[in-house]
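> Predicted coordinates and the sequence they were generated for:
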Amino acid sequence: MKFTQEHEELRRTTRAFVEKEINPYVKEWEENGPFPAHELFKKMGNLGLLGICKPVEYGGMGLDYSYNIVVADEIGRARCGGVPLAIGVQTDMATPAIARFGSDELKQKFLVPAIAGDFVAAIAVSEPHAGSDVAAIKTTAVKDGDDYIINGTKMWITNATQADFFCLLANTSNDKPHVNKSLIIVPAKTPGITFSEKLDKLGMRSSDTAQVFFDNVRVPQSNRIGAEGMGFMMQMMQFQEERLWGAANALGGLQACVDTTIEYCRQRSTFGQPLIDNQAVHFRMAELQTEIECLRALVYQACEQHIAGEDVTRLASMAKLKGGRLVREVSDSCLQYWGGMGFMWDNPAGQLYRDGRLASIGGGADEIMLGIICKLMNILPSKKKKAE
């Protein structure tokens, strides 16, 4: 994939934003979080960074997905995972379905302010008993006149308590699990919505994550995205962009971790020589850099096919799988070379070690990715016929 001058200008803009508006405040947000989403998102909206691939008529830039990959990569260089995660939710998890399938009314009311940074968006799919198993959700939206009455619980919701609206997946009929679901936009201030205390997470400490409860929440049926019963399909499509964004975002964090570790190993002397001069160390850094470049090539190939309108489920799943596992491998290896400093809370390798662990869980666990890949390779075991 070749980048143009426009790609590089966008890269510089995003990198400058991360260095000026995110990194100086990471320590404070990690300790006292969550980060101020409305304030930060408004600044991003003013730069056009929240609508890279969204339609121009709704405030977006109307660019192809390669530009989004560049921005995701650069945002990954933030010195924490929580803020990039929240940004990804806004741009590639909670709004793609609105942009693709929403009515003009929904786009004007929710997509336009989300792109401008005036609204914070959240995606409400996971439930306490249904994380990767999306088909098993129990939240219901029952028709009542021209409205839906929503009841249920959503879990691990990023941006939850700061959100202006939720892109919520709910069961709208008693049909089969893959055809009984709809995506519905639910304004966060609607009566009947309450929240748990902030969830006490291993990592992503600066992000706003909570459980959300819906108790007889009434919203108009016009808030439904697209046709009723098509929610599962739409969410699967959103997952593909989410997984591509996540893999691209990992690239920035991985590269920053390797770069800072190499610099530390140059400065740190042991037994009369810089740590980097040990063959075990510089060979390992070379191996890790090679792995990063392999992931980068995979992400770029998937991006090119996505732009061409091809189904990238297989490659996106592979990129998600590889990205999550590589974050674990790189952070663990780099932490080791920092020695005791790596075990300190504010160490960059330690930060990636904590925050990056979510990459193999959120958006579909590694095992789900492997199942998808096996299915598309046609190597899943055949189902046994039920005894008559």
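Perfect, I can see it now.
> hey, let's count contacts and neighbours off CA atoms from now on
Will do.
> Could you list the low-confidence segments of the stretch 151-300 of the chain?
Within the stretch 151-300 of the chain, no range satisfies pLDDT under 70.
> hey, where'd the helices end up in it?
Here the stretch 151-300 of the chain has its helices, by DSSP state H, counting those that start in this stretch, at 231-267, 279-307.
> and the ones you listed, which is most packed in?
Highest mean neighbour count among these (mean count of other C-alpha atoms under 10 Å): helix 231-267, with a mean of 22.
> quick one: it to helix 279-307, angle?
Angle, helix 231-267 to helix 279-307, by axes from the mean of the first three to the mean of the last three C-alpha atoms, to 10 degrees: 150 degrees.
> was I right about residue 117 contacting residue 44?
Yes. The pair residue 117 / residue 44 is scored as a contact, 6.7 Å apart, by C-alpha atoms under 8 Å.
> residues shared between the contacts of the two?
Both residue 117 and residue 44 are in contact with residue 50, where contact means C-alpha atoms under 8 Å, 6 or more residues apart in numbering.
> Show me which of the two is the more surrounded one.
Counted by other C-alpha atoms under 10 Å, residue 117 and residue 44 do not tie: residue 117 has more neighbours, with 26 against 20.
> residue contacts, the more buried one?
Listed by C-alpha under 8 Å, 6+ apart, the contact partners of residue 117 are 38, 41, 42, 43, 44, 45, 46, 50.
> how about residue 65, phi and psi?
Phi and psi for residue 65, reported as degrees, to the nearest 10, are phi -70, psi -20.
> Residue 98 versus that one, what's the distance?
Going from residue 65 to residue 98 by C-alpha to C-alpha, to the nearest Å gives 17 Å.
> Could you check which of the two has the larger neighbour count?
Between residue 65 and residue 98, residue 98 has the larger neighbour count (other C-alpha under 10 Å), namely 23 against 19.
> could you measure that one against residue 231, distance?
To residue 231, residue 98 is 11 Å away according to C-alpha to C-alpha.
> where do the contact lists of the two overlap?
Listed as contacting both residue 98 and residue 231 by C-alpha under 8 Å, 6+ apart are residue 225.
> Could you look up the SS state of residue 148?
Three-state assignment for residue 148 (DSSP: H, G, I helix; E, B strand; the rest coil): strand.
> you'd agree it is up against residue 219?
Yes. Assessed by C-alpha under 8 Å, residue 148 is found in contact with residue 219 at 5.5 Å.
> can you pull out the strands in this structure?
Assigned by DSSP state E, the chain shows strands spanning 121-124, 140-144, 147-158, 165-171, 181-187, 193-195, 209-220, 224-225, 269-270, 273-274.
> how near is the closest residue in space to residue 118 that isn't next to it in sequence to residue 113?
Setting aside the residues directly before and after it, residue 118 is nearest to residue 42 in space (C-alpha to C-alpha, 6 or more residues apart in numbering), at 6.0 Å. Separation of residue 42 from residue 113 (C-alpha to C-alpha) stands at 10 Å.
> Now the helices of the stretch 151-300 of the chain in JSON lines, please, with extra columns for distance to residue 56.
Output for these, formatted as JSON lines (distance: least, C-alpha to C-alpha, whole Å):
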{"stretch": "helix 231-267", "distance to residue 56": "19"}
{"stretch": "helix 279-307", "distance to residue 56": "17"}
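> For residue 318, which of the strands of the chain is the nearest?
Residue 318 lies closest, by C-alpha to C-alpha, to one member of the strands of the chain: strand 121-124, at 22.7 Å.
> just checking, what packs against that closest one?
strand 147-158, strand 165-171 (3 or more C-alpha pairs under 8 Å, 6 or more residues apart in numbering; DSSP states H and E).
> mind checking how far the nearest residue to residue 106 once chain neighbours are set aside is from residue 292?
Nearest residue to residue 106 in three dimensions, chain neighbours excluded: residue 223, at 6.7 Å (C-alpha to C-alpha, 6+ apart). For residue 223, the distance to residue 292 equals 41 Å [C-alpha to C-alpha].
> And the residue nearest the centre of the chain, how far from residue 68?
Residue closest to the mean C-alpha point of the chain, counted by C-alpha atoms, centre = their mean, is residue 88 at 4.5 Å. Residue 88 is 10 Å from residue 68, where distance means C-alpha to C-alpha.
> Can you check which residues contact both of the two?
Residues within reach of residue 88 and of residue 68 at once, by C-alpha under 8 Å, 6+ apart, are residue 245.
> can you pull the pLDDT of residue 383?
Model confidence at residue 383, given as pLDDT, is 74.
> And residue 85, by the same measure?
98.
> Once you drop chain neighbours, what's closest to it?
residue 207 (7.6 Å).
> Now do the buried residues in stretch 104-115.
Within stretch 104-115, the residues scored as buried using 16 or more other C-alpha atoms under 10 Å are 106, 107, 110, 111, 112, 113, 114, 115.
> swap in stretch 81-97?
By 16+ other C-alpha under 10 Å, the buried positions in stretch 81-97 come out as 81-97.
> now do stretch 341-350
Along stretch 341-350, these residues count as buried under the neighbour rule (16+ other C-alpha under 10 Å): 342, 347, 348, 349, 350.
> same thing with stretch 49-67?
Within stretch 49-67, the residues scored as buried using 16+ other C-alpha under 10 Å are 49-55, 58-61, 64-67.
> mind checking how far that stretch is from the chain centre?
17 Å (C-alpha atoms, centre = their mean, to the nearest Å).
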